[in-house]
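> Sequence and predicted structure are below.
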Amino acid sequence: MKLKANKSCLEGDAICVNGVTVTYADVVALWQINLDVSRGEYIGIAGPNASGKTTLFKTILGLTKPVEGQVSIYGNLLKNLPKKTINKIAYVPQAHQIDQYFPAKVKDVVLMGRYGINFLGSPLKKDDHEKVNNELKFVGMLEQKDRPIGHLSGGQLQKVLIARSLVREPEILLLDEPTSNLDFKITQEITELITKLHEERNLTVLTINHNLDLLRDSIDRLVILNKRIIYDGPPNGELVDQILYNTFF
Amino acid sequence: MLNVGIIEFFDLLFNKAYMQRILIAAIVIGIVGGIIGTFIILYKIIFLGEAIAHSAFAGVALALVFGAPPLYMILLFTEVSAVSVGYVNQKKIMNEDIILAIVFSGMMALGIIFVNLLTEVSASVSSILFGAIFYINQEQVIILIIASISVIAFLIYLRKEYFFMVFNKEMAKLSGIPVKILDYIFLILLAALIAVSIQSIGAILVFAIFIMPAAAAYMLTYNYRLMIVLSAIFGAASGFLGIMVSFIYNLPGGPSIVMVATGFFIVSFISSPKRLSKFISKLKFKFSSEYKKLQEKFEHPLGIDVPHTHLDPEQIILQVKPKKFPSYHQWKGHKPLNGTNKKKINPSMKEDEIES
């Protein structure tokens, strides 16, 4: 089913968020959000805590249902999304604590990215394992592929989660605070990795990130969110600084 | 109960059909319990299984009141418990622990009430609580084997999907895996398995045979496929050795199997390469040349030369001491918060004028 285009959404948009409102009981998480993301765009999303950034991602991914409005991916409404389109979206969640004894190695976790693509229970192919090796190499973790997943540092785990999302061969990549709780060097490494992904593979990238100083030079657009969209435009300039200051302080 | 030596035990095993039935039941429960236990441990739903097992007690007690076949009543009670707990969990209606505690204690209480309704307490009640593997009949063994093969085939076929779900359910759902349906199927299979195993091992201990072999395997490997295999081997070995021990030392069957499984866990915990590798690497580091170098560096009489400055203590006090804060704000354009005082304050005004 094709979405009736509103004035902000174009036919070829990768993601179109149209008048979305999300509430948790009587608490408003997002209010009347309109956001269009073109193919190959790199968007940074900033906002204070509890401003609805993760909720926006979960709404785009169909994990949270809006009380009002709708989301479409490549012109298809979320509820009618074909399997082919679902496979084009990859999500990198915030890295969570993993039990140090969990029986999985790095390569097993990356391989999980291939599980939902084929029919349930269908065996993996040689090609799937090759993809895992390629993506681990891309994120610089190939040498660690036999290490237990619970033994990795925060930065290494984040790279593995990025590799897991990449083995799906996505066109749209959503990253939820990929550099939270990481030191400056690793933050810089991961930010550069995401930029490289966007440039080399022409991925549509949406990233929630608080390290705007590092991000600003690479993103095409900055969206400042605080329950509603406060700003949506170029990432640099005095106006943006002023809006950021007013939003955060 | 028999009290025999090892040779007589094997003699019975090869010659007596009842002995073969008992051993087949014990080994099958061990294998299937070990396999499903792997997912239970990784899912972290141990208490859920315990609650389902205890709901079987209410089922069997009700069956005795009405004179109905126990298996159907056990199935009914365990399935209803499993699906209702699954529903509450998926809808996030309330905390998982609270609903489990309600099912656990509520079903036990219901079972005791049903037992009280009986005019005479039969041996069936105690056999359901503590198990009666030595009295297992051919029909029960066949049902057990069919149920076990179905569960094993299903779990092995969808092992990748379930493994992804136990690692991160949300990500599995996003990848297109039907998480909700697979969750319910898992709970239904678990309840069915508990129902068919309970007559052999007993409601109190049945869950131990699902957990112990998997817990032992969990301590030995980082490979989940190997964990499934090891868990099944430990389960089968527990079943066989447990029955052997119970025959030789004249002990009850179910508890003997569980005790052997506990032994496997203790041995694997002590010899766990997961735990030991950390200890060994710490030891290796302590006796390495790198550690000695660090020791020499830090134990140098002059210590490490960290850049620092020497300040006069008096100077420090002067730096830290706060300046006197002005008694009145005299900033340009400042308006007092009190609405009644609308007098504008100029920087040139004196303190007396401001107060007035």
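Good, I have the coordinates.

> Just give the closest residue to the residue of the stretch 1-150 of chain B found nearest chain A, not the sequence neighbours.
Taking CB to the nearest CB as the measure, the stretch 1-150 of chain B has residue B:42 as its residue closest to chain A, at 7.5 Å. From N, CA and C alone the C-beta is placed, and that goes for glycine too. Leaving out its chain neighbours, the residue that sits closest to residue B:42 by CB to CB, 6 or more residues apart in numbering or on different chains is residue B:166, at 3.9 Å.

> residues contacting the one you found?
Counting by CB atoms under 8 Å, 6 or more residues apart in numbering or on different chains, residue B:166 makes contact with B:39, B:42-43.

> How about the contacts made by the residue of chain A found nearest chain B?
The minimum distance from chain A to chain B, using CB to the nearest CB, falls at residue A:116 (2.9 Å). Residues near residue A:116 by CB under 8 Å, 6+ apart: A:86-87, B:164, B:172, B:174-177.

> For it, pull up the helix or strand it's in.
Residue A:116 is part of no helix or strand when elements are defined by DSSP states H and E.

> Spell out which parts of chain A neighbour chain B.
A:61, A:63, A:83, A:86-87, A:89, A:91, A:93, A:96, A:100-105, A:108-109, A:112-113, A:115-117, A:120-121, A:124, A:148, A:168 (CB under 8 Å from any CB of the partner chain).

> Any part of stretch B:283-299 near chain A?
No: applying CB under 8 Å from any CB, one finds stretch B:283-299 separated from chain A by no less than 15.3 Å.

> Then stretch B:175-194?
Yes: Stretch B:175-194 is in contact with chain A by CB under 8 Å from any CB, via B:175-178.

> Need the pLDDT of residue 96.
Just so you know, I chose chain A. According to the prediction, residue A:96 has pLDDT 76.

> nope, chain B
78.

> My read is that it contacts residue B:87, right?
No: using CB atoms under 8 Å, residue B:96 is not in contact with residue B:87, being 11.8 Å away.

> Measure how buried residue 25 is and give me the count.
All of this refers to chain A. Counted with other CB atoms under 10 Å in any protein chain shown, residues neighbouring residue A:25 total 4.

> think we crossed wires, I meant chain B
Residue B:25 has 27 nearby residues by other CB under 10 Å.

> Please tell me how far it sits from residue B:152.
Applying CB to CB, to the nearest Å, the value for residue B:25 to residue B:152 is 15 Å.

> which residue sits closest to residue B:187, ignoring its sequence neighbours?
Here the residue nearest residue B:187, using CB to CB, 6+ apart, is residue B:82, at 4.1 Å.

> does the one you found count as helix, strand or coil?
Assigned with DSSP: H, G, I helix; E, B strand; the rest coil, residue B:82 falls in the helix class.

> per-residue pLDDT, it?
pLDDT at residue B:82 comes out at 89.

> That one and residue B:254, how far apart?
22 Å.

> of those two, who's got more company?
Neighbours of residue B:82 and residue B:254, each counted by other CB under 10 Å, are more numerous for residue B:254; the result is 29 against 25.

> Please identify the helix or strand for that one.
Secondary structure (DSSP H and E) places residue B:254 in helix B:253-270.

> quick one, strands of the stretch 101-250 of chain B?
For the stretch 101-250 of chain B, no strands are identified by DSSP state E, counting those that start in this stretch.

> Quick one: name the residues of it near chain A.
B:157-158, B:160-161, B:163-164, B:167-168, B:170-178, B:218-219, B:221-224, B:226-227.

> Which stretches in chain A count as strands?
Assigned by DSSP state E, chain A shows strands spanning A:15-24, A:27-37, A:42-46, A:68-73, A:76-77, A:89-92, A:172-176, A:204-208, A:221-226, A:228-233.

> Quick one: work out the angle between the third one and strand A:221-226.
Counting by axes from the mean of the first three to the mean of the last three CA atoms, to 10 degrees, strand A:42-46 points 20 degrees away from the direction of strand A:221-226.

> Could you list every helix and strand in contact with the longest helix seen in chain A?
What stands out as the longest helix in chain A, according to DSSP state H, is helix A:184-201. When contacts are defined as 3 or more CB pairs under 8 Å, 6 or more residues apart in numbering or on different chains; DSSP states H and E, helix A:184-201 sits against helix A:154-166, strand A:172-176, strand A:204-208, helix A:212-215.
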